[in-house]
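# Fold the stuff below for me.
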Amino acid sequence: MAKKIIRSELEFSQWFKKNFKKLGYEKILKKDSGKFPDFIMLKKGKGVGIELETLSSNFILHKHDKSKVDEIVCLKKDVDIGVPTLEVKSLRYIPRLERISATIDGDKAKLLDKLLENGKYRNKSHIIEEAIKLILEKENAKKK
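Just a heads-up that it's a prediction; the model follows:
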């Protein structure tokens, strides 16, 4: 049987709400409300703070405090966080977006920081996404 494909943390959260008992949780005490941790679950009669992540490394990327969560439930454990982590191997993670890294010099890093100050961009990746769109628009305009 083919594994169910999950493409985002939102899809993973929806799956988790329907399948938490398969993972050893008894009941949802607090549902995902966009606040950390994602869920408070009943496990062995005790309330447990659960953070869902597609990749365990996203816990670090999202700057979560590991002292304020009991467990991480993820699709792929790509790094050890130092918090009990459950990898859901029955699901397959194929992201809609691919994360890449970029190496830039100090001047360009300062420029990106300056662009972030105006509040138009969410983060440095968002700036790069917008720059790529502008480049493609210019290339398409040249072809016409």
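# Only the buried residues of the longest helix belonging to the chain, if you could.
Looking across the chain with DSSP state H, the single longest helix is helix 124-143. Residues of helix 124-143 classed as buried by neighbour count (16 or more other CB atoms under 10 Å): I127. Glycine gets a C-beta too; all of them are placed from N, C-alpha and C.
# same for the worst-scoring helix or strand of the chain on mean pLDDT, what does it pack against?
When each helix and strand of the chain is scored by mean pLDDT, DSSP states H and E, helix 124-143 comes last, with a mean of 84. On a contact count with 3 or more CB pairs under 8 Å, 6 or more residues apart in numbering; DSSP states H and E, helix 124-143 meets helix 106-117.
# Okay, helices next: where are they in the chain?
Here the chain has its helices, by DSSP H, at 9-19, 58-61, 106-117, 124-143.
# What's the mean pLDDT across the shortest one?
What it means is helix 58-61. The average pLDDT for helix 58-61 rounds to 90.
# what does it contact?
Outside of helix 58-61, the residues within contact range by CB atoms under 8 Å, 6 or more residues apart in numbering are E9, E51, E53, K66, I72, C74, V79, I81, V83.
# Widest-spaced pair of those residues?
E9 and K66 (18.0 Å; CB to CB).
# if you count what's nearby, which of those two comes out ahead?
E9 (20 against 13; other CB atoms under 10 Å).
# Report how many residues lie close to P95.
Neighbour tally, P95, other CB under 10 Å: 14.
# does it really touch R7, like I thought?
Yes: between P95 and R7 there is a contact at 6.3 Å, judged by CB atoms under 8 Å.
# Counting by contacts, list what the lengthiest strand in the chain packs against.
Ranked by number of residues, the top strand in the chain under DSSP state E is strand 46-55. Applying 3+ CB pairs under 8 Å, 6+ apart, we find strand 46-55 packed against helix 9-19, strand 39-43, strand 71-76.
# Nothing else from me, thank you.
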